[in-house]
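Student: model the following, please.
(3 chains)
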Amino acid sequence: MGRIDDRLRELGITLPEPVRPVATYTRFVHDQETGRLLISGTGPVSGGPLGQVDSDVTVDEAIAAARECGLQILATVRDAVGDLDRVVRVVKVLGMVNSTATFGQQPAVINGCTDLFVEVFGPEVGLPTRSAVGMGGLPDRIPVEIEAEFKVR
Amino acid sequence: MGRIDDRLRELGITLPEPVRPVATYTRFVHDQETGRLLISGTGPVSGGPLGQVDSDVTVDEAIAAARECGLQILATVRDAVGDLDRVVRVVKVLGMVNSTATFGQQPAVINGCTDLFVEVFGPEVGLPTRSAVGMGGLPDRIPVEIEAEFKVR
Amino acid sequence: MGRIDDRLRELGITLPEPVRPVATYTRFVHDQETGRLLISGTGPVSGGPLGQVDSDVTVDEAIAAARECGLQILATVRDAVGDLDRVVRVVKVLGMVNSTATFGQQPAVINGCTDLFVEVFGPEVGLPTRSAVGMGGLPDRIPVEIEAEFKVR
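Tutor: Next up is the predicted model:
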């Protein structure tokens, strides 16, 4: 077991089984030359509430959904490169929140994901560049979808 | 003629003339050092229906629009590097659908583009990471806009 | 003082103080191996009008907001690599406009940012790939948020 696996156990986190795509895309692309690992837009999978944050879904439920996206992303990274210790940097997060036009707390929602990355990898490795923004809608009306890029060795 | 040009002919596909930007951006940036080829957000150009999918535009019309975006993107890639045989991988697709807050079939819409990439390049090369999401609006009220990244040699 | 600093002075531009993140992310990630410099989604900071373009905010106000985002991004780039002369290329801009479903002038709005990049760096270096799109909402109801990628040496 690696250092990050130990850290996950310490945090009481068990990564979920990575979900398979149901449309024409792949969960990740790993460019071995540059170490870039791109992760497709990832939703929550537990069957939480659907719809727009601030009308159908509360901020707290959306934060939990964003954390779930983060766990799915980590499961995909481990599946892609075999070992989370290979993560050199969480490079970029695009946090997409299905929210009303007057909602403005997308950053608090997406912290549910990036706080997890910092817990797991520490701030030096786990703190990414980020946009946290409101969408006009998301697939199957999920409240949050997150796309990410990692650098791995 | 290259292998992918043969494949396009086999599929009965003629790539359109690449459209020139009408605002302050360029259609592509090709980083020769890393082989990254980035393609700007690309819309359909045939003059199909405008507005939001699920109210003004049907899902089938939107799928056709997404395929048109894909054809434009391929035309731009060929223009950028001279030969589609140089494509090593379709790395990433950001599929943006102009849709109502209750619409949830963005993945089916964006398949119109990524199905095309798989038809043309095969799954090993043509299957990208992807997000397929709903926007609050798009330029000139087009129903779909797609941004992509390729790796070329 | 470098060449680009001279150019800024010539244009009468003083870059603002870079704003610190208030959520779990970092303003930039610089990959020294590949020269990629990613800048987080950046909003205007002067306290201009909030809300949706075309209802709460005019197109001209939104163009000014997009230019402000560009100035913030340049300030962050200088902070990240010490000297704007190190910019080899503005690679990519994702211009996100908080706008109504019927608004279609996102490209004109985001020109406020990319016109600035071309003024400062010239077209060879300053003209990026770009998407300029409408969002369902943005943090704190800002009218524009812009994410960017640079190549630096």
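
Student: the spatially most central residue of chain A sits in which helix or strand?
Tutor: By Cα atoms, centre = their mean, chain A has its centre lying nearest to A:G70, at 2.9 Å. Per DSSP states H and E, A:G70 falls inside helix A:59-81.

Student: tell me the helix or strand right after that helix.
Tutor: Going down the chain from helix A:59-81, the next helix or strand is strand A:87-98, by DSSP H and E.

Student: so what secondary structure elements neighbour that following strand?
Tutor: strand A:36-42, helix A:59-81, helix A:106-121, helix A:123-126, strand A:129-135, strand A:144-152, strand B:129-135, strand C:28-31 (3 or more Cβ pairs under 8 Å, 6 or more residues apart in numbering or on different chains; DSSP states H and E). The C-beta positions use only the backbone N, C-alpha and C, and glycine is treated the same way.

Student: nearest to B:L15, out of these?
Tutor: strand B:129-135 (21.5 Å; Cβ to Cβ).

Student: check the gap between the residue nearest to the centre of chain A and A:I13 for me.
Tutor: 10 Å (Cβ to Cβ, to the nearest Å).

Student: which of the residues in stretch A:140-153 are buried?
Tutor: Going by neighbour count (16 or more other Cβ atoms under 10 Å in any protein chain shown), the buried part of stretch A:140-153 is A:R141, A:I142, A:P143, A:V144, A:E145, A:I146, A:E147, A:A148, A:E149, A:F150, A:K151, A:V152.

Student: between these, which is nearest B:G43?
Tutor: Using Cβ to Cβ, those come closest to B:G43 at A:E147, 20.9 Å.

Student: just checking, that closest one touches A:G43?
Tutor: No. Contact criterion Cβ atoms under 8 Å: A:E147 and A:G43 do not qualify, at 10.6 Å.

Student: just to revisit the earlier point, in a markdown table, list the buried residues of stretch A:140-153 along with distance to B:F103.
Tutor: Shown next, in a markdown table, are the buried residues of stretch A:140-153 (distance: Cβ to Cβ, whole Å):
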| residue | distance to B:F103 |
| --- | --- |
| A:R141 | 8 |
| A:I142 | 13 |
| A:P143 | 15 |
| A:V144 | 17 |
| A:E145 | 14 |
| A:I146 | 20 |
| A:E147 | 19 |
| A:A148 | 25 |
| A:E149 | 27 |
| A:F150 | 31 |
| A:K151 | 35 |
| A:V152 | 35 |
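
Student: which one among those gets closest to C:R89?
Tutor: Minimum distance to C:R89 across the buried residues of stretch A:140-153 is 18.8 Å, recorded for A:E149 (Cβ to Cβ).

Student: please name the bridge partners of the closest one.
Tutor: For A:E149, the beta-bridge partners are A:L38, A:K92 (DSSP bridges).

Student: for chain A, which spans come out with low pLDDT?
Tutor: Within chain A, the segments meeting pLDDT under 70 span A:1.

Student: quick check: residues of it near chain B?
Tutor: A:22-29, A:31, A:33-34, A:38-41, A:52, A:94, A:96, A:98, A:101, A:134-141, A:145, A:147 (Cβ under 8 Å from any Cβ of the partner chain).

Student: mind doing that once more with 7 Å?
Tutor: A:23-26, A:28-29, A:31, A:34, A:38-41, A:52, A:96, A:135-141, A:145, A:147 (Cβ under 7 Å from any Cβ of the partner chain).

Student: show me which of those residues are buried.
Tutor: Buried members of the residues of chain A next to chain B, scored by 16+ other Cβ under 10 Å, are A:23-26, A:28-29, A:31, A:34, A:38-41, A:52, A:96, A:135-139, A:141, A:145, A:147.

Student: quick check: which of the helices and strands packed on strand A:87-98 is nearest to B:D60?
Tutor: Closest approach to B:D60 among the helices and strands packed on strand A:87-98 (Cβ to Cβ): strand B:129-135, 16.1 Å.

Student: is the closest one in proximity to chain A?
Tutor: Yes. Strand B:129-135 comes into contact with chain A (Cβ under 7 Å from any Cβ), by way of B:T129, B:R130, B:S131, B:A132, B:V133, B:G134, B:M135.

Student: which one among these gets closest to chain C?
Tutor: Checking those against chain C by Cβ to the nearest Cβ gives B:M135 as the nearest, at 5.4 Å.

Student: would you agree the closest one is in contact with C:G134?
Tutor: Yes. The criterion here is Cβ atoms under 7 Å, and B:M135 meets it with C:G134 at 5.5 Å.

Student: and A:F117, how close does it get to A:G95?
Tutor: Applying Cβ to Cβ to A:F117 and A:G95 gives a distance of 11 Å.

Student: same check, this time on A:G35
Tutor: To A:G95, A:G35 is 23 Å away according to Cβ to Cβ.

Student: then A:T24?
Tutor: 24 Å.

Student: one more: A:A148?
Tutor: A:A148 is 9 Å from A:G95, by Cβ to Cβ.

Student: and stretch A:113-121, does that touch chain C?
Tutor: Yes. Remark: stretch A:113-121 sits within contact range of chain C at A:T114, A:D115, A:V118, by Cβ under 7 Å from any Cβ.

Student: re earlier: nearest to C:R86 among the residues of strand B:129-135 next to chain A?
Tutor: Closest to C:R86, out of all of those and judged by Cβ to Cβ, is B:T129, at 29.4 Å.

Student: just list the residues touching the closest one, thanks.
Tutor: Under the criterion of Cβ atoms under 7 Å, 6 or more residues apart in numbering or on different chains, the neighbours of B:T129 are A:Y25, A:T26, A:F28, A:V29, A:L38, A:I39, A:S40, B:V91, B:K92.

Student: repeat the analysis, applying 6 Å as the threshold.
Tutor: Contact analysis of B:T129 by Cβ atoms under 6 Å, 6 or more residues apart in numbering or on different chains lists A:V29, A:L38, A:S40, B:K92.

Student: A:V88 - nearest residue in space that isn't next to it in sequence?
Tutor: Distances taken as Cβ to Cβ, 6 or more residues apart in numbering or on different chains place A:K151 nearest to A:V88, at 4.5 Å, with adjacent residues excluded.

Student: same question but for A:R86, I mixed them up
Tutor: A:R86 sits nearest to A:V152 (Cβ to Cβ, 6+ apart), 4.6 Å away.

Student: likewise A:R67?
Tutor: Leaving aside its sequence neighbours, A:R67 sits nearest to A:G112 (Cβ to Cβ, 6+ apart; 4.1 Å).

Student: in this structure that neighbour contacts A:A66, no?
Tutor: Yes. Counting by Cβ atoms under 6 Å, a contact exists between A:G112 and A:A66, whose distance comes to 3.2 Å.

Student: roughly how far apart are A:G137 and C:I146?
Tutor: Using Cβ to Cβ, A:G137 is found at 22 Å from C:I146.
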